[in-house]
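> A structural model of the following input is requested.
(3 chains)
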Amino acid sequence: MKHIVIIGGGIAGIETASALTDAGHWVTVIEKEAQVGGKLNNWSCLFPTFTPAEKIIGELQGKCRNKDFSILNKTEVRTIHRQKGKFSIATSNHQKLEADAIVVATGYELFDARRKEEYGYKIYDHVITSADLEELLKPGNDITVAEGKHPKRIAFVHCVGSRDEKSGNHYCSKVCCITGVKQAIELKKRLPEAEIFCFYMDLRMYGKHFEELYREAQEKYDIQFIRGRLSEASEKIDKSLLIKSEDTLSGRPLKMNVDLLVLLAGMEAGKGTAATAVICGIGCEESGFLKTTDSFLKSNFSEQEGIFLAGSCTAPMSVNDTILHARSAAMEVNLWLKNH
Amino acid sequence: MELYQELTRDVRFIEGLKSCMNCGICTAICPAAEFYDYDPRIIAAIVQSKDEERIEELLKCDTIWYCGECMSCKTRCPRGNTTGLIIMALRSLSQELGYFTESEKGRQQLAIKRVIGENIVYRGYCVLPENLVPEMHPEQGPVGQWIYENRDEVYERVGANYKGDGEGALRKIPQEAMDEIYRIFEVTGGFGRFDKIEHFSKIKAESMGFTEDGDDYSDYIKYINTNNNGKHTRQ
Amino acid sequence: MNKEGKIQVWQDYQKEIADDRYFYVRSCIRQNFFPGAEQTFLKILRSELGKDIYENPHHTTCSGIGYHSDIVPFDTIQTIVARQFALMTEAGYQNLAVSCITSFGIYNEIIETWKEHPAELEKVRNYLKSATGRKFEIPQNVAHAGDIIYKFRENIAARKKFSLINQQTGKPLKFVEHIGCHYSKMFPSKGVGGAEFPYVLVGMIESWGGEVIDYPERRHCCGFGFRQYLVMSNRGYSVSNSRKKFESMEPYKPDAIVSNCPGCPMFMDRWQYVIEEMEGKTYGENGQGIPVLTYEELAGLVLGYNPWDMGMQMHQTNVEPLLNKMGIPYNPDLKYATKEGRQIGKPTMVSCGC
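Reported below is the predicted structural model:
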């Protein structure tokens, strides 16, 4: 029986593990946290269908329970050596593992919105990120601003830490556009009196049902979309925020006062993925995401024979895309093991 | 002449325009855009289009003269552009070609050259106490007027060395130093710029009915300093 | 507002500031409007801190106001700047202390241009040689004069005679700080604290006992705009931008405005008078206006210098409300007197100049 070690127990890692177990392999997942599911644990529900994240987490946990693969929680990979066609892996808990193949599924990190200093995240009281909002949107949480009041006017800022030379991230994070639309609708449902504005540069509604949701946001929920990148936010004496943008479609500078500002923080490969790349001896692209040997035909192959890639460690991805990419990784690993 | 090509010879243009995605972040915090009917983003877009006709229009109109060169646009641009630098390149070219005299705001260059330019070359300062004539500077207020009228005593009181030898604030800059500044203007095209401003302004002044009249077009200078058609700001 | 977040940003932008042996270059605007501030700076460095700061009378304007009003070509200003560097090099100095923010921005812009485009540097070396026969080295360290006061703010605090504390209430005085656009908006890493939350003045004010208030239009330009002020018919731009700042800071009731840049305090000082004349609106407590200070003047007050020696009578908006709050004694009869104490008439004051 071949042994596959998967680094990362998020959506991609567990999905790959599950599929490879189904294919008859012995699989071990190394996960740095106490639980599986990665970033999904912090999410309330998913675009474009408003599926509760718990449902997907539940599925993943079910696979962990019912299928015969093992998970090493609170564990990180320290070193990997290749010996006679096998990988020997040492972990932070002093375990030694031998593997025939490795799948890197280390995922992404959320862009640290403090780096966009001009938006004042962690400085101004009522500037939050999309991840913070997702937490607030969980049932039972009341969404309030100064003096315990409900926000009357809310703005979303697209492309925070994406498509931005100043943040060092030139790429598009792909999921923020639709996340903004989804969260705006959820907020409107929770706070029907609130006016909601989305400041965008391009709305990239590439996925199934995305465009329809955008239209629904406009028609049914009266969410206003303003084409302009936010230049700065500043806090007023009453803790509301003065924001400055241009309404580029009418060619006028625009100043607005809002009670809550939501930053749609992008995705970065993050330190975990960078460290794993070094340990595995595989390359990163300029964006920091892991390099695949061919974008079309080998999107699960790293530069190292026997080390495969799955999920958002290779590029920003939605949950849906991550699941598909993980399944394709399992298929490639399976095929490769057969031939070796 | 290919105007776009000409712009690319200016190193500030190379630094100023990488590629613009029209996000409007520059306009959003532009002090000029809040006051004037003005949108720096559109200047970047026009120049980026390489449309020679529209670039020529820009060089001849008020638009490029609204910017205050505060450079707030540089801090924010997600593509590393600096609209302010693009404008500086456009203004240089507009003066080079004489197009600046086609607009009310552009024509003001002569007034600036006559005061600031000549201060620099002949005195070694951009601004001098004797420039702050109360009639031209009502904003300096009663204190400004008091300083102007008693400038020798006031500057002496506060420890300046007004028109004196040696070091200190407002000292007289030694003639050898001024000779060097003069030669720098000769060698680097500083006087070339001045001459163009004078040359094209005189043609314009004549065409507008002003005459040299032995006082070097002072009526024209007064006119460009104070004329405002009232159509520059947002309505 | 969470100060921890700001401290984090401040820590990200620590710049190197030379600690001695400076070559001083003056500011045109400061010399005209606040010459006492430059004198105060030199006095603090030489007498209080024992530093070597050298001024060569042969240095000139950097021509920055001409450059930013577009009558001086880039080649010309680069060569004028190179000449200042040559004077520095010839005097055996490597650290430039710049009195002016416009100049500071220009020195940085030119040095960065030379790094990106070495052909420009070669061209300028040739221009300078043929015009003056001089050669130069690029400074090792370029600091704005405010950076230097910032660096030694604790030494100044240790020698202080007065604190930025309201003597009647015992509470810290509230300051609005204004940095000046060209300090760090072009090159955030060249400014203490960066472009968004600059720390250079905050550090001084806090070290000397005061409190800084942040207000929505803090980052906005004072409205100088070079040609937008220089030409009489454009000045609406200038006053309307200052007005925007006053309106925005008003609810916080600042005791004073402190500026890093030479031009900004002049505008924020004079435009308060103009707005009073035009609209009948006076900012500040009791219709007295908000005093506007340079950081050198502020340091001088803390060190117990005579406000009239520092030239604070050249302000249009009176500084007395601040002096009274700090408990600084002054002789009102000598405010408008000459060096010898002779009266030379007083300006006719409006209310913000009581």
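
> can you give me the helices in chain A?
Assigned by DSSP state H, the helices in chain A fall at A:11-22, A:53-66, A:130-136, A:176-190, A:210-219, A:270-280, A:319-339.

> single out the most deeply packed of these.
Comparing the helices of chain A by mean neighbour count (mean count of other Cβ atoms under 10 Å in any protein chain shown), helix A:11-22 comes out on top with a mean of 26. Bear in mind the C-beta positions are built from the backbone N, C-alpha and C, glycine included.

> tell me the domain ranges of the chain?
All of this refers to chain A. For chain A, the structural domains run A:3-108+A:269-339, A:113-266, going by automatic domain parsing.

> not what I meant, chain C
Listed domain ranges for chain C are C:16-145, C:150-353 (source: automatic domain parsing).

> quick one, which of the ones you listed gets closest to chain A.
Closest of the domains of chain C to chain A is domain C:150-353, at 3.9 Å (criterion: Cβ to the nearest Cβ).

> what packs against the helix ranked longest in chain B?
The residue-count maximum for a helix in chain B (DSSP H) belongs to helix B:190-207. When contacts are defined as 3 or more Cβ pairs under 8 Å, 6 or more residues apart in numbering or on different chains; DSSP states H and E, helix B:190-207 packs onto helix B:83-97, helix B:109-112, helix B:175-188, helix C:74-90.

> recalculate using a threshold of 6 Å.
When contacts are defined as 3 or more Cβ pairs under 6 Å, 6 or more residues apart in numbering or on different chains; DSSP states H and E, helix B:190-207 packs onto helix B:109-112.

> list of residues touching the next helix or strand after the helix it packs on?
Using DSSP states H and E, the helix or strand that directly follows helix B:109-112 along the chain is helix B:118-123. Identification of contacts with helix B:118-123 by Cβ atoms under 6 Å, 6 or more residues apart in numbering or on different chains yields B:125-126, B:128, B:185, C:61, C:63, C:66.

> of those, closest to A:Gly85?
Nearest to A:Gly85 among those: C:Ser63, at 70.6 Å, using Cβ to Cβ.

> what residues does stretch A:188-195 touch?
Against stretch A:188-195 from outside (Cβ under 6 Å, 6+ apart): A:150-154, A:196, A:221.

> can you give me the end-to-end span of that stretch?
Start-to-end span of stretch A:188-195 (Cα to Cα, to the nearest Å) is 8 Å.

> how far is that stretch from where the chain is centred?
Relative to its chain's centre, stretch A:188-195 lies at 26 Å (Cα atoms, centre = their mean, to the nearest Å).

> ok, stretch C:41-58 next?
Centre-to-centre, stretch C:41-58 and its host chain are 17 Å apart (Cα atoms, centre = their mean).

> any idea of the pLDDT on the closest residue to C:Tyr215 other than its chain neighbours?
Excluding the flanking residues, the one nearest C:Tyr215 by Cβ to Cβ, 6 or more residues apart in numbering or on different chains is C:Met249, at 4.5 Å. Note on C:Met249: pLDDT of 98.

> can you check C:Met349 too?
Here, the pLDDT recorded for C:Met349 equals 72.

> so the closest residue in space to it that isn't next to it in sequence is in which element?
In space, and not counting its chain neighbours, C:Met349 is closest to B:Pro142: 6.1 Å by Cβ to Cβ, 6+ apart. Element membership for B:Pro142, per DSSP H and E: helix B:141-149.
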